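S.K.: Build me a model:
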Amino acid sequence: MKQMEEELINQKNIREKTGLPIRRFYSVKIKCLICLDDFVKDDEIFRTNCGDTFHKNCIQELIGNCLKERYQQLFCPSQGCKEKLSASLLPKLGFNYQQINIYFSAQLEELVLKHQNRFSCCPTLGCQNIFIINQKESPQFYCEFCDKKYCLRCKSDSHPQFTCEQFQQSKNKENNEREFRKLVENMNCKQCTNCGAWIFKEKGCNHMKCKCTYEFCYKCGRKYRHPDCKCPLFDRDNLPQP
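M.R.: Below you'll find the model as predicted:
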């Protein structure tokens, strides 16, 4: 490995001094710095903007994986080289518009995260709108891309009638109520139609008497002995044992 690196450094120095292309110096064999195999044909060699050489397939596969992982920056994979790879290399390696766009989108996301006081992304899922924040304008923002209104200050739906704190409290209350509703539905709890209290029946008959003294049918919710209530006093699974 050390000998290969020395040979490569030597070739770079000669190329920089003479300005001649690297293929003139293949009398000294060099290897692909990814797979470490020798180059066989000229058309399989790919040179990055920093001058390092790789098999075209090797560098193509490596960059392809980086794009899938949404890397914000692409660097030369040569050991010890910290040069950023130019985006102009991507079409030369056969990457299409959609793949290149993923790379630029990832860079924009990194820019927004680093400068959140200057830039913002639309919070709508799938919307790619990125804009400059104007601190002097109202925090209530309208996105022309997805037709959504939201607050820049707390990144929530627009709430011009409430402060961010009031809106968040209301939102938390709604979430808590939604979770409570889900819980009582899963437990098959019933609500007293007179006072609204929640009642859980584990066993016994369907005749319920609430703490407010109101009596009702646990199965249909009607008042106890209401003519429209046709429910049995005991469910089949809760019949008293002899």
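S.K.: So, low pLDDT: which residues of this structure?
M.R.: 1-29, 43, 134-138, 235-242 (pLDDT under 70).
S.K.: now the helices for the protein?
M.R.: With helices called from DSSP state H, the chain shows them at 2-18, 56-68, 89-92, 97-114, 164-186.
S.K.: Please tabulate these in CSV and include distance to Lys201 and mean neighbour count as additional columns.
M.R.: C-beta coordinates here come from the backbone N, C-alpha and C atoms, glycine included. Formatted as CSV, these follow (distance: least, C-beta to C-beta, whole Å; neighbours: other C-beta atoms under 10 Å):
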stretch, distance to Lys201, mean neighbour count
helix 2-18, 78, 12
helix 56-68, 54, 16
helix 89-92, 66, 15
helix 97-114, 52, 14
helix 164-186, 12, 11
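S.K.: wait, what's in contact with the residue lying closest to Ile133 once chain neighbours are set aside?
M.R.: Of all residues not flanking Ile133 in the chain, Ser120 sits nearest, at 5.3 Å (C-beta to C-beta, 6 or more residues apart in numbering). The neighbours of Ser120, taking C-beta atoms under 8 Å, 6 or more residues apart in numbering as the test, are Val112, Ile130, Phe131, Ile133, Phe141, Leu152, Lys155.
S.K.: re the thing from before, quick one: closest of the helices of the chain to Cys192.
M.R.: helix 164-186 (12.5 Å; C-beta to C-beta).
S.K.: Could I get the CA-only coordinates of the closest one as CSV?
M.R.: Provided in CSV are the C-alpha atoms of helix 164-186 (Å, rounded to 0.1, in the frame of the first residue of the first chain):
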residue,chain,number,x,y,z
CYS,A,164,-47.8,30.1,19.9
GLU,A,165,-48.0,29.1,23.5
GLN,A,166,-51.8,29.2,23.6
PHE,A,167,-52.0,27.2,20.3
GLN,A,168,-49.5,24.5,21.6
GLN,A,169,-51.5,24.1,24.8
SER,A,170,-54.7,23.7,22.9
LYS,A,171,-52.9,21.2,20.6
ASN,A,172,-51.6,19.2,23.6
LYS,A,173,-55.1,19.1,25.1
GLU,A,174,-56.5,17.8,21.8
ASN,A,175,-53.8,15.1,21.7
ASN,A,176,-54.5,14.1,25.3
GLU,A,177,-58.2,13.9,24.6
ARG,A,178,-57.6,11.8,21.5
GLU,A,179,-55.4,9.4,23.4
PHE,A,180,-58.0,9.2,26.2
ARG,A,181,-60.8,8.5,23.7
LYS,A,182,-58.7,5.7,22.2
LEU,A,183,-58.1,4.2,25.6
VAL,A,184,-61.7,4.1,26.8
GLU,A,185,-62.8,2.7,23.4
ASN,A,186,-60.3,-0.1,23.7
